[in-house]
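Engineer: Need coordinates for the following:
(one chain, ligands or ions: 1)
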Amino acid sequence: MTDKKWFSDARFGMFIHFGLYSVAARGEWYASIGQVPPEKYREYFETFNPVHYDPAYYAHIAKQAGMKYAVLTAKHHEGFCLFDSAYTDYKSVNTPIGRDLVREFTDAFRAEGIRVGLYYSLVDWHHPDYPAFKDPFHPLRGTSAALHESCDFDRYLDYMHAQVRELCTNYGKIDLLWFDFSYEGHSGPDWRAQELTEMVKSLQPDILINSRLEASGGCLGSLLTDAPSPWAGDFAVPEQIIPPAPLKTPSDSPVCWEACQTLNNSFGYTADDHVYKDSRICIQQLVNCVSKGGNYLLNIGPDANGSIPLQSENILREMGQWMKYNGESIYECRESTLPVSAFGCRVTARDHILYLHIMQQPVGPLPLSGIRPKDIRYARILSTGAEVEVLTKGWAAENYPDYTFISLASQANETQLLPDSADTVIKLVLHRPASSL
Ligand code: GLC
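Structural biologist: Numbering: from 1, shown residues only. Here you go, the predicted structure:
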């Protein structure tokens, strides 16, 4: 069994979507949605020159944000490779930039102490052996150009397996492989997924693989059953949604998961998508994930020149400010098995500690259910270390004996504004392990 501890401890990662689609600036699905003719795409290839592609800077931003791992699109659905594959000419080294962008990524992120992951698209809209005519997504679907008889899917699979072998052989230790994605007629055995999984694990014994050799954004695959397939992967990847509750199998075993999310509404750079979330929302979503035992993979989509959009950079900086003082309530934390609750609150847990994430301003003392004052050794605001009072007597406590009250103010009946409106974390140190209460 692969050791997933580093992954569950890390909790927060960076997704990087970058490719020829960054030039089109209409998202990574543009080729499919716009049914873009190959000649037009050829132009993006011939002029691809991201002079500001600077993974050392990306890694610096990721580190400052508190991210512990990163995943780069080595090849997206468009088929263009950011790595120097021996099996295709359709690669970044053959464009004006002339560089192996995957190697620069792995080198730079490792140098910052950040684990490296590679995204590899199973789908390929460029390879001539990827069936196009009847495919629901292929840019050439339904066209006469897609009706060539020499298309041989097995040959495509050989190519795809060989490229995955290259990624697992030529770039040192890869911590994570992010396949994307399966759909009707293209799932599991159709990808020769068992053989692929075995090959990857033999080349990179510690690597973690996501669930999309049989799953997609909308379907989490057999990891959520009691009998996962041999290619089910190591973790499930819900997309643009955070599961309402921890993911479990029917027999109640926890399932390792990671939610991937965009900062605006697009993974690939989209020039006119200005609908950015703010850092407050992203902090709360990160907490939301950890409080349900999951990871948060937050995306950046560098532009055609390779620069990170300024709005994205600002959000990550602000998240980093919060993480600097509150990261202890994220890393190595798990969901709390206790039904501790308060209005607008989420709980993460580790050893003898419960972290209450207060995201909504309380008026007066904060009522907690599910925990008794005698269970609590002391309570502090995590970011400042300031003591907060656990009320054991006084009017609030007496009138509502089933609740434990915490006061952020010096007088129990006063209201104190939350020091951090995104999430003020209260650290409750318990007398016993959180799991044994
Ligand atoms: C989807 C999309 C893809 C994106 C991925 C990220 O599967 O096809 O564009 O890279 O989700 O989760």
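
Engineer: Domain-wise, how is this protein divided?
Structural biologist: 5-332, 336-436 (automatic domain parsing).

Engineer: deepest of those domains, which one?
Structural biologist: domain 5-332 (a mean of 19; mean count of other CB atoms under 10 Å). Every residue, glycine included, has its C-beta placed from N, CA and C.

Engineer: Run through the strands of the stretch 201-350 of the chain in chain order.
Structural biologist: Assigned by DSSP state E, counting those that start in this stretch, the stretch 201-350 of the chain shows strands spanning 208-209, 257-261, 294-300, 334-335, 345-350.

Engineer: ok, back up a step: JSON lines please, covering the domains of the chain and showing mean pLDDT.
Structural biologist: Converted to JSON lines, the domains of the chain look like this (pLDDT from 0 to 100):
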{"stretch": "domain 5-332", "mean pLDDT": "97"}
{"stretch": "domain 336-436", "mean pLDDT": "88"}
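
Engineer: Quick check: the residue nearest in space to the middle of the chain vs the ligand, distance?
Structural biologist: Geometric centre of the chain, nearest residue: Leu297, 1.7 Å, by CA atoms, centre = their mean. Per CB to the nearest ligand atom, to the nearest Å, Leu297 is found 8 Å from the ligand.

Engineer: pretty sure that residue contacts Gln261?
Structural biologist: Yes. Between Leu297 and Gln261 there is a contact under CB atoms under 8 Å: 7.2 Å.

Engineer: for the protein, what spans make up the helices?
Structural biologist: Assigned by DSSP state H, the chain shows helices spanning 5-10, 21-24, 30-33, 38-46, 55-65, 101-111, 153-169, 193-203, 279-290, 310-326, 395-399.

Engineer: how about TSV for those helices, with distance to Met359 added?
Structural biologist: As requested, those are arranged in TSV below (distance: least, CB to CB, whole Å):
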stretch	distance to Met359
helix 5-10	22
helix 21-24	34
helix 30-33	36
helix 38-46	42
helix 55-65	19
helix 101-111	31
helix 153-169	39
helix 193-203	39
helix 279-290	6
helix 310-326	12
helix 395-399	21
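
Engineer: Could I get the ones you listed in a markdown table, plus columns for distance to the ligand?
Structural biologist: As requested, the helices of the chain are exported to a markdown table (distance: least, CB to the nearest ligand atom, whole Å):
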| stretch | distance to the ligand |
| --- | --- |
| helix 5-10 | 17 |
| helix 21-24 | 9 |
| helix 30-33 | 9 |
| helix 38-46 | 16 |
| helix 55-65 | 17 |
| helix 101-111 | 16 |
| helix 153-169 | 16 |
| helix 193-203 | 16 |
| helix 279-290 | 15 |
| helix 310-326 | 16 |
| helix 395-399 | 46 |
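
Engineer: Those helices: which one's closest to His186?
Structural biologist: helix 153-169 (9.2 Å; CB to CB).

Engineer: That closest one packs against which elements?
Structural biologist: strand 115-121, strand 176-180, helix 193-203 (3 or more CB pairs under 8 Å, 6 or more residues apart in numbering; DSSP states H and E).

Engineer: Show me how far that helix is from its chain's centre.
Structural biologist: The chain centroid and the centroid of helix 153-169 are separated by 25 Å, computed with CA atoms, centre = their mean, to the nearest Å.

Engineer: Contacts for it, please.
Structural biologist: Outside helix 153-169, the residues within contact range by CB atoms under 8 Å, 6 or more residues apart in numbering are 74-75, 81, 83, 85-88, 102, 118, 120, 122, 124, 127, 129-131, 174, 177, 191-192, 195-196, 199-200, 203-204, 207.

Engineer: How about stretch 102-118?
Structural biologist: By CB under 8 Å, 6+ apart, stretch 102-118 touches 6, 10, 13-14, 16, 53, 55-56, 58-60, 62-63, 67-72, 74, 82-84, 167, 171-178.

Engineer: Any idea how far apart the tips of it sit?
Structural biologist: 8 Å (CA to CA, to the nearest Å).

Engineer: Stretch 212-220 now?
Structural biologist: Using CA to CA, first and last residues of stretch 212-220 are 8 Å apart.

Engineer: Also stretch 380-395?
Structural biologist: 22 Å.

Engineer: same deal with stretch 18-36?
Structural biologist: End-to-end distance (CA to CA), stretch 18-36: 18 Å.

Engineer: What parts of the protein come near the ligand?
Structural biologist: Residues of the chain lying close to the ligand by CB under 6 Å from any ligand atom are His17, Glu28, Trp29, Asp180, Phe181, Gly217, Glu239, Cys260, Phe267.

Engineer: among the residues you listed, which two are most distant?
Structural biologist: Across the residues of the chain next to the ligand (CB to CB), the longest gap, 14.9 Å, separates Trp29 and Cys260.

Engineer: Please work out which residue of the stretch 301-437 of the chain is closest to the ligand.
Structural biologist: Gly301 (9.9 Å; CB to the nearest ligand atom).
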